[in-house]
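Asks: requesting a structural model of the entry that follows:
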Amino acid sequence: MPEETSVTEGTADITQSLGAVVAKYSLDRFTIATSDGLVFASSGGDDTGAEAARYSEIFRNDPFSETPGVVMFGLSHKGSELVGIIRSAHPVSEETRKKIERDADEIIHRWI
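Replies: Here you go, the predicted structure:
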């Protein structure tokens with residue numbers, strides 16, 4: 001999927017937009033959680049609730065924490081603090097993480 005491809009155009013809802021991010025960057029899963037550990041939105045998966053709780057707490061306590069296969073970043077929307085949780089078997093560069101963060105911001109502003 002080309003880098004400039006929109007992750008909101010041609011999607012019917014926030015879940016499809018997050019799925020577009022997964023496809024665009026060849027990720028395993030992408031979840032946005034609230035800072036207190038609830039799933040805000042997810043591209044899917046069986047354990048997204050547990051994952052949101054675990055990684056939002058890790059991020060809240062140590063935003064620079066590193067977990068193999070997981071990349072986290074903070075987002076803010078209308079005064080609410082959110083955590084982006086990227087699951088990927090492949091390394092995610094800082095440049096790619098920033099692009100995913102911009103896409104997540106676009107998704108939140110489009111659907112919320």
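
Asks: what's the lengthiest helix in the chain in contact with?
Replies: With DSSP state H applied, the helix covering the greatest number of residues in the chain is identified as helix 94-111. Among residues not part of helix 94-111, those counted as contacts by CB atoms under 8 Å, 6 or more residues apart in numbering are 3, 6-8, 13-14, 17-18, 21, 24-25, 27, 30, 32, 41, 71, 73, 75, 77, 82, 84, 86, 92. Backbone N, C-alpha and C define where each C-beta goes, glycine included.

Asks: can I get stretch 87-99 in CSV? Just the C-alpha atoms.
Replies: Extracted as CSV, the C-alpha positions of stretch 87-99 are listed here (Å, rounded to 0.1, in the frame of the first residue of the first chain):
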residue,chain,number,x,y,z
ARG,A,87,1.9,-5.4,17.6
SER,A,88,4.4,-6.5,14.9
ALA,A,89,6.7,-9.5,14.4
HIS,A,90,9.0,-7.2,12.5
PRO,A,91,10.9,-4.2,13.9
VAL,A,92,9.0,-0.8,13.6
SER,A,93,11.4,2.1,12.9
GLU,A,94,11.0,5.4,14.6
GLU,A,95,10.0,6.9,11.2
THR,A,96,7.3,4.3,10.7
ARG,A,97,6.1,4.8,14.2
LYS,A,98,5.6,8.5,13.6
LYS,A,99,3.7,7.8,10.4
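
Asks: what are the buried residues along that stretch?
Replies: Residues of stretch 87-99 classed as buried: 87-88, 92, 96-97, 99 (neighbour count, 16 or more other CB atoms under 10 Å).

Asks: just stretch 23-34 next, same as before
Replies: By neighbour count, and taking 16+ other CB under 10 Å as the criterion, the buried residues in stretch 23-34 are 24-25, 27, 29-33.

Asks: what is the mean pLDDT for it?
Replies: Per-residue confidence for stretch 23-34 averages out to 96 on the pLDDT scale.
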